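curious how this folds, go ahead:
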Amino acid sequence: MHRWTRSNAYGLALDRAGSLFFTDPYNNALRKVDLTTFAVTTVLGTFGQIGVILGTGRAGLSYPLGVAVGSAGELFVSDEGAILYLK
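You can find the predicted model right below:
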């Protein structure tokens, strides 16, 4: 079982609903923290899997470093390992 630690957090972004998003490059994931309950969930990525799957399936990541939230609430992720930006 993989566990998140504070040292894994890189890019940070807040949305209008009060959720904090951060990239976890060592686990190839994008995480979300509910700032009311402090629950941490995985938004993108799967432990033990590296790479990007585009289309309608679950997205995989490969060393994500940055995240931003757009004005309409969309998430933008920069993925260093795949050299692409996901919207």
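
residues contacting the most centrally placed residue in the chain?
The structure's the chain has its C-alpha centroid closest to Leu30; by C-alpha atoms, centre = their mean the separation is 1.3 Å. Shown in contact with Leu30 (C-beta atoms under 8 Å, 6 or more residues apart in numbering): 21-24, 42-45, 61, 64, 67, 75, 77. In this view, the C-beta of every residue, glycine as well, is placed from N, C-alpha and C.

and the nearest residue to it once chain neighbours are set aside, what are its phi and psi?
Spatial nearest neighbour of Leu30, chain neighbours left out: Leu44 (4.1 Å); criterion: C-beta to C-beta, 6 or more residues apart in numbering. Backbone torsions for Leu44, taken as degrees, to the nearest 10, come to phi -140, psi 150.

got it, and Val43?
Torsion angles at Val43 (phi, psi; degrees, to the nearest 10) stand at phi -90, psi -50.
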